[in-house]
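Trainee: 3D model of this:
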Amino acid sequence: MRRVRRAALAALAGAAASAAIVPPFAGIPIPLLAAPRAAADSALSGATGDVHPTPAARVLRPRAGPGPSFAIVAVDSAASAWGVACAAPSIACGARIPAAAAGAGAVAVLGAPTGDVALAALAALARGAGAAAAIDSARSLPGDPESWQIAAIGAGGAAAVSGKRLRGWAGAKSGKAYACVGQGLDGGEPLQAMAAAFEAASGDLSSRLLAALVAAAMAVDPDGAFEEAGGEASAALLVVRAGASSAAQGSDRLVDLRVDAADDPIPPLERLHDRLEGSFLAAAHVRLGDRAKRLGDETGAAREYRAAEAGFRGALARAPKDSDALNELSWFLATHGGDPAEALRLAEAAVAARGDDANLYDTLAEAAYRSGNLERAIDAEQRAERLSRGNARYAERLRTFRAAKAALTKEAGPASPDSVAGAAPSR
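Mentor: Sure thing, here's the model as predicted:
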């Protein structure tokens, strides 16, 4: 799956290298690419979305230093999600480069020795500052702001500022709902590729950010962008949104993945995201969809459920015989209006693969119930109760299924799940 994605991104990178990408800007009230205040001679009059090098990097030259650094900040306004993806030729870039907060925005800082600069810009966004003003605030911190690149996105739009003393070729690119920066490069192709991939990618914000990161790395070198880093390269992916945690006062972090030291950190970051997408992230989308539905937001619920189903199906595609992947997709389909026949088939396959798990039989009971097969539902729930040694929840569900069967028998009606819909307790 990853090879297919990388092949597609390689095509995007090639297209980006041969033509400038000029994304739309309509509706953004502040310039999407702000020139550094310390480099007023390079001010841009009317951002076009093209890659803009810093003054010191206008003449292309070989990369200086241990390798490239690049990052992208973005917002998914429909989901109220904010995120950052970044990679650098030094360890633990996820502890220094990204910062994001639900409802405030996202920031990426290249070149700063700690995360204080990113946190300062984020605090300014949280106070209501625009992206350019937030960057100015962060640049006033003690240190060497001329060695920093900062990209920020807030409620009013995005901005990016580059200092005068950066490694190799350095520049920035922005578009509707994102901005990206990079340094230690040979030219602007990685930023073009990053922007093109983000704009073209589908899925939730984390998938689009990861696609952008992969595209940038491939534009640097398809065989490995961080060979010069000596095994100390790192990458990170951060996405936040309100309600990300199921706890009342929980974290806003929906995705927080890091590869802190590797020869090439982006492939392992992809693998981590694949695993998260098919498990915890998919479950989070279900929870967010359920909340949207309770609030009457059917459009939002449908969006979250699509993301959840894509995650569950992706996990199953990677491991077609995995009982947990079969079980999770079956439960989702059975309880969220999916095809009951498919849910039942998946549940049967799950218990065939691991027949000693009460949870799998409970899913089979639900799928059979939704398919209108109360006999199979009762049999499966009995097995779940026996395997769990009398679990109270399974016992309650078994009583519900038996009561539904008795009611249908008494009324001599068809064993349709619609006639008893909602009777079974949820998991």
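
Trainee: can you list the residue ranges for strands in the protein?
Mentor: 52-53, 69-76, 81-88, 98-101, 105-110, 149-154, 157-162, 169-175, 178-185, 233-241, 253-262 (DSSP state E).

Trainee: quick one: mean pLDDT over stretch 70-77.
Mentor: Across stretch 70-77, pLDDT averages out at 97.

Trainee: now do it: everything it contacts.
Mentor: With contacts defined as Cβ atoms under 8 Å, 6 or more residues apart in numbering, stretch 70-77 is touched by 81-87, 97-98, 100, 105-108, 110, 151-153, 158, 177-183, 185, 190-191, 194, 198, 204-205, 208-209, 212-213, 216. For every residue, glycine as well, the C-beta is placed using N, CA and C.

Trainee: in TSV, list the strands of the chain along with mean neighbour count and distance to Val220.
Mentor: Below are these laid out as TSV (neighbours: other Cβ atoms under 10 Å; distance: least, Cβ to Cβ, whole Å):
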stretch	mean neighbour count	distance to Val220
strand 52-53	22	16
strand 69-76	28	8
strand 81-88	29	9
strand 98-101	25	20
strand 105-110	31	14
strand 149-154	31	16
strand 157-162	29	18
strand 169-175	28	11
strand 178-185	29	7
strand 233-241	27	11
strand 253-262	20	15
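
Trainee: go through those and name the closest to Ala132.
Mentor: Evaluated with Cβ to Cβ, these place strand 157-162 nearest to Ala132, the distance being 4.1 Å.

Trainee: from the contact counts, what lies against the closest one?
Mentor: The contact analysis (3 or more Cβ pairs under 8 Å, 6 or more residues apart in numbering; DSSP states H and E) places strand 157-162 against helix 131-139, strand 149-154, strand 169-175, strand 178-185.

Trainee: can you check the pLDDT for Gly224?
Mentor: Gly224 is assigned 82 on the pLDDT scale.

Trainee: go on, Arg61?
Mentor: You'll see Arg61 listed with a pLDDT of 34.

Trainee: got it, and Ser419?
Mentor: 44.

Trainee: remind me which residues of this protein are low pLDDT?
Mentor: Scanning the chain for pLDDT under 70 picks out 1-65, 247-249, 412-427.

Trainee: repeat that for 50
Mentor: For the chain, residues meeting the criterion pLDDT under 50 lie at 1-48, 55-65, 415, 419-423.

Trainee: quick one: the helices in it?
Mentor: Applying DSSP state H to the chain gives helices spanning 2-18, 116-126, 131-139, 189-200, 205-220, 266-277, 280-294, 298-318, 323-335, 340-353, 358-370, 374-387, 392-411.

Trainee: any chance of those helices in a markdown table, with distance to Ser245 and mean neighbour count too?
Mentor: Output for the helices of the chain, formatted as a markdown table (distance: least, Cβ to Cβ, whole Å; neighbours: other Cβ atoms under 10 Å):
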| stretch | distance to Ser245 | mean neighbour count |
| --- | --- | --- |
| helix 2-18 | 29 | 16 |
| helix 116-126 | 19 | 22 |
| helix 131-139 | 25 | 25 |
| helix 189-200 | 26 | 26 |
| helix 205-220 | 16 | 28 |
| helix 266-277 | 15 | 19 |
| helix 280-294 | 8 | 19 |
| helix 298-318 | 15 | 19 |
| helix 323-335 | 20 | 24 |
| helix 340-353 | 28 | 20 |
| helix 358-370 | 23 | 26 |
| helix 374-387 | 29 | 20 |
| helix 392-411 | 23 | 15 |
